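> Provided below for reference: sequence and predicted model.
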Amino acid sequence: MAGFKSSPSSPSSPAHASNRQTLLVVVAILLVVVCTCGLLVAILGKNLWNSIPGPAGATPPAPWSPDSAALTVAVSPGMAPIFQELAGQFNSQAQRTPDGRGMQVQTLAVAPEQMVEESLGAPSFQALAPDSSLWLNQLEQRWAALQDTEADQQPLIPIGNRRVSNPVRYATSPIVIAAWESVARELGWPERPVGWREIQRQATENPNFKWNHPSTGHASGLLATLAEFYAGAGLTRGLTPEAATAPQTLEYVRAVEATVRFYGEGEEVIVERLAAEGRNFLDAFVAQEQVVVAWNQAHKGERLVAIYPAEGTLWADHPLALLELGGAGETPVTDNQRRTFQAFAQFLASTDVQRQLLAAGYRPADMRLSLDEAGSPFADTDAVDWRQPQTTLQVPSAAVVEVVQNVWWYTKRPTNVCLVVDTSGSMEGAKLERTQEALWAFLEQIRGDRDQVALVEFGSAIKQFEPLRPLDDQRRAELAEQVYGMEADGQTALIDAIWEAYDHLQSVGDTEAINAIVVMTDGQENHSTHAVPELLDHLKQEQAVTVVVFTIAFGSDADEMLLENVTRAGNGQFRRADETNIEELYKIISTYF
């Protein structure tokens, strides 16, 4: 793919651009009709899916006492360590309510999308601190829909009908492209502005260039995606569903997304992998500016540099908000919990705490604190620039964000994934049932019908092989039927199953997609025709198609050393799972695609 053309809304495309443009026009028309009504997810096969068994419902939280002053706050994972430390400082102050109850703040690390989902039901927390107000807006929109309220026609919903109240902002951080200093200089930093077109051009011209942004289930991924749509539309404010789904916008975003090496979880996971795997893991990745500051504070060697996209960027604004609980079947937020919320919000706004947040690399909400004052991590460095970003993009409405999230499935880099599933005899019973539920959760998470899924089920040999096919409604229903028809028997031909999946992806030869294998086993290899060293050599050989291998050790008997060696050879990730978290783990892995 060539570099971007000069027009910000007309990125480059291959020779078959006219065919793609025709397709994008059709997609745009369909999405404007569907997405703006908020019905896309429901339309994509919902009637087919409802007949498939799913995981058991969550247990409702235990009610708290009517005079409780203990406040539980759900906080985004990236902020969770700092937030927990601040909560400990608050608790040590031993503040009390008028009736003598001790104020206490407890924290739960919860992914923002899960935070929204739980807040619509009976959550185990009374307040939430996502990394962006986008999640609060999304929560209010979905809550209004549940209440049969037209949120767009009634922007000032009476407080009794709102799901959150009293939001306060305690820290901010712009979304940047974090790059190693040598990479940043190759892109043109600091002599000239660098944006999405330079990232796309570099990744197109250099096949070894690796960059990542999280899935749109994480603030940095969603905010970066919104910035791409703004750039494609040639706007800095007022993004509408029509502008977001215009053919030239979709083509622009698709050109950028086609160069992403993989998607995935939030910055905290990327930083862990950077620390574990070193300089060669990624050349650049989307993150909050704070990540750059924190990395450079904690690590020697080459610095990370914050690139502020030339086309403009959005901010993670870190709100804290109180849930308005008290509906049917809900335990109401107590007066004392409200007092604790207000006291904790005031604590976060205090000068001492704001300086702590500044020292950690966040921009404080207290505008009186100077970012370039002595001792500030923004002073005497060019790795971050407190004068940036020069262009701040306007946060779109919740309805537009929903459109962008849905359209993203048609513009992101497509995926070819082979699910390799152990149904040997040791999987009989609850293990198999939980695996089936986990596989269904994975299939449910993959929503774009440009993605393809294959299935390799194995025991003593390959039991079932379903080649790659687009995961449309019919394919999803067929795979679900096959998954729930699995039976446990036989031994464990793990090596042969991985070999089969790898060779299948190579034979398809799709270099434009993310190609991945997800392997799950609860046992040890004992029945393959190929040996372990053969497989590892096979995975390491240079091939036309790059394949990433994820492995999951389900239970205590799996050969973890073998699975770790496979992921190292396949440049992937190894995870451990048991019956309580395997479904959630499959959902997390799906975010990489």
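Sure, I can see it.
> where does the stretch 51-200 of the chain have low pLDDT?
By pLDDT under 70, the low-scoring segments of the stretch 51-200 of the chain are 51-61, 148-160.
> report the beta-bridge partners for residue 469.
Here residue 469 shows beta-bridge partners residue 453, assigned using DSSP bridges.
> what sits against residue 585?
If a contact means Cβ atoms under 8 Å, 6 or more residues apart in numbering, then residue 585 has 438, 552, 575, 577 as its contacts. Where C-beta positions appear, they are placed from N, C-alpha and C, glycine not excepted.
> correction: the previous question concerned residue 240.
Contact criterion Cβ under 8 Å, 6+ apart gives residue 400 as the residues in contact with residue 240.
> can you read off the backbone torsions of it?
When quoted as degrees, to the nearest 10, the phi and psi of residue 240 stand at phi -120, psi 160.
> residue 580 too?
Listed backbone geometry of residue 580 is phi -90, psi -20, with angles given as degrees, to the nearest 10.
> ditto for residue 212
On the backbone of residue 212 - angles per degrees, to the nearest 10 - the values are phi -140, psi 150.
> ok, for it, nearest residue in space, not its chain neighbours?
Once flanking residues are discounted, residue 212 sits nearest to residue 285: 4.5 Å by Cβ to Cβ, 6 or more residues apart in numbering.
> what of residue 583?
With Cβ to Cβ, 6+ apart, the residue lying closest to residue 583 is residue 438, at 4.3 Å.
> remind me which helix or strand the residue nearest to residue 212 belongs to.
Taking DSSP states H and E as the criterion, the element that holds residue 285 is strand 284-288.
> who's in contact with the closest residue to residue 555 other than its chain neighbours?
Setting aside the residues directly before and after it, residue 555 is nearest to residue 522 in space (Cβ to Cβ, 6+ apart), at 4.5 Å. When contacts are counted by Cβ under 8 Å, 6+ apart, residue 522 is found next to 422, 424, 426, 427, 431, 553, 554, 555, 557, 558.
> surely the third one is in contact with residue 523?
Spelled out, it's residue 426. Yes - in this structure, residue 426 sits in contact with residue 523. The criterion is Cβ atoms under 8 Å, and the distance is 5.2 Å.
> give me the common contacts of these two.
Contact criterion Cβ under 8 Å, 6+ apart; residues bridging residue 426 and residue 523 by contacting each: 492, 557.
> now the closest residue to residue 213 other than its chain neighbours: how far from residue 545?
Nearest-residue entry for residue 213: residue 286, 3.7 Å, with adjacent residues in sequence omitted and distances by Cβ to Cβ, 6+ apart. Shown here: residue 286 relative to residue 545, a distance of 25 Å by Cβ to Cβ, to the nearest Å.
> who's more crowded, the two?
Neighbour tally, residue 286 and residue 545, criterion other Cβ atoms under 10 Å: the higher count belongs to residue 286, 27 against 15.
> hey, where'd the helices end up in the stretch 301-450 of the chain?
Along the stretch 301-450 of the chain, the segments classed as helices by DSSP state H, counting those that start in this stretch run 335-349, 351-359, 398-411, 430-445.
> and those helices: which comes nearest residue 586?
Counting by Cβ to Cβ, residue 586 lies closest to helix 430-445 out of the helices of the stretch 301-450 of the chain; the figure is 4.2 Å.
> gap between the spatially closest residue to residue 193 that is not a sequence neighbour and residue 135?
Setting aside the residues directly before and after it, residue 193 is nearest to residue 310 in space (Cβ to Cβ, 6+ apart), at 3.6 Å. When distance is defined by Cβ to Cβ, residue 310 is 27 Å away from residue 135.
> and the residue located most distally from the centre of the chain, what does it touch?
Here the chain has its C-alpha centre computed as a mean, and the residue farthest from that point, by Cα atoms, centre = their mean, is residue 99 with 42.9 Å. With contacts defined as Cβ under 8 Å, 6+ apart, residue 99 is in contact with 67, 336.
> before we move on, what about the one 5 residues further on?
For residue 104, the residues meeting the contact criterion (Cβ under 8 Å, 6+ apart) are 69, 70, 71, 91, 340.
> same thing with residue 309?
If a contact means Cβ under 8 Å, 6+ apart, then residue 309 has 176, 177, 194, 195, 196, 227, 231, 389 as its contacts.
> farthest pair within those?
Looking at the contacts of residue 309 by Cβ to Cβ, the two members farthest from one another are 176 and 231, with 14.8 Å of separation.
> hmm, back to that, neighbour-wise, which of residue 426 and residue 523 wins?
Neighbour count, other Cβ under 10 Å: between residue 426 and residue 523, residue 426 has more, with 23 against 19.
> in the chain, where is pLDDT below threshold?
Low-confidence segments of the chain, defined by pLDDT under 70, are located at 1-61, 148-160.
> how's it carved up into domains?
Structural domains assigned to the chain are 17-36+181-316+380-410, 70-172+317-364, 414-590, following automatic domain parsing.
> ends of stretch 196-212, how far apart?
Terminal residues of stretch 196-212 lie 12 Å apart, using Cα to Cα, to the nearest Å.
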